[in-house]
Every structure is written in structure tokens, then in C-alpha cells.
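# what's the 3D shape of this:
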Amino acid sequence: MYAIVRAGGRQEKVATGDVLTVDKLAGEVGSTVTFPALLVVDGDDVVSASADLARYEVTAEILGAVKGPKINIMHYRNKTGYKRRMGHRQPYTEVKITGIKAGK
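Residues are numbered from 1 along each chain as shown. A predicted model of the protein is given here:
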């Protein structure tokens, strides 16, 4: 069984036990978060109707905060002596999918 969920502005394909990196979430390590399901596939049965998807719940446990790769930014203007160097590392949260359940 797997589901397509919306996590941090992107859509991710997840199954129980998967570890994925999403945009930074507010919460403690070990706390539980839920993601809205956009599509659920259980064997040959595919659920995509919004009324049916409201029953499904995808839960995940927060494993910790991680950072993305460093992006180097260089600003330079020719013949003026102007140059600036900056860097950026995007904060992410690592989560482990604990269950895809049909509730209600």
C-alpha cells in the first residue's frame, strides 16, 4: 500500500516505513504529524475521489532536523570593486512514515 501525499508544497510517494525529507516542520523530535493524502493505492484498488480520501490518514514521526546542500551566491560588478559572497543551506525535517490508515 502506498499513498501520494502533499508535504511542504510538493507531492511525495510514500509507503509505511519510508524515510523522507520535507520542508521544515514545527514540532519536537518524536512527535507525530499527519499529511493530507492526494491518492491512495492498495493493491489493485486506487482511491482518488476527494470524499473517499477524507477517510484516509497518513501519519509520520519526526526524526530530526537536517540541512540541504550549500548553495554559494556570488554578486560581482565589473570595474567597480564590488563583490559579495553569500551562502545558503535550506533547513529540512526528516520524517518516517508510520502508517497509512483508513479511519472514520
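
# for the most centrally placed residue in the chain, name its beta-bridge partners.
For the chain, residue 22 is the residue whose C-alpha lies nearest the centre (C-alpha atoms, centre = their mean; 2.7 Å). On the basis of DSSP bridges, residue 22 is bridged to residue 93.

# distance of it relative to residue 8?
Distance, residue 22 to residue 8, using C-beta to C-beta, to the nearest Å: 4 Å. Glycine gets a C-beta too; all of them are placed from N, C-alpha and C.

# do residue 31 as well
17 Å.

# for the residue with the largest distance to the centre of the chain, what are phi and psi?
Ranked by distance from the centre of the chain (C-alpha atoms, centre = their mean), the top residue is residue 79, with 44.2 Å. Backbone geometry at residue 79, expressed as degrees, to the nearest 10, gives phi 60, psi 10.

# got phi/psi on residue 53?
Here is the backbone geometry of residue 53 (degrees, to the nearest 10): phi -70, psi -20.

# what sits against the closest residue to it other than its chain neighbours?
The shortest distance from residue 53 to any non-neighbouring residue, by C-beta to C-beta, 6 or more residues apart in numbering, is to residue 37 (5.2 Å). With contact taken as C-beta atoms under 8 Å, 6 or more residues apart in numbering, residue 37 is in contact with 3-5, 53, 56-58, 100.

# 6 Å - rerun?
Residue 37 makes contacts with 3, 5, 53, 56, 58, as judged by C-beta atoms under 6 Å, 6 or more residues apart in numbering.
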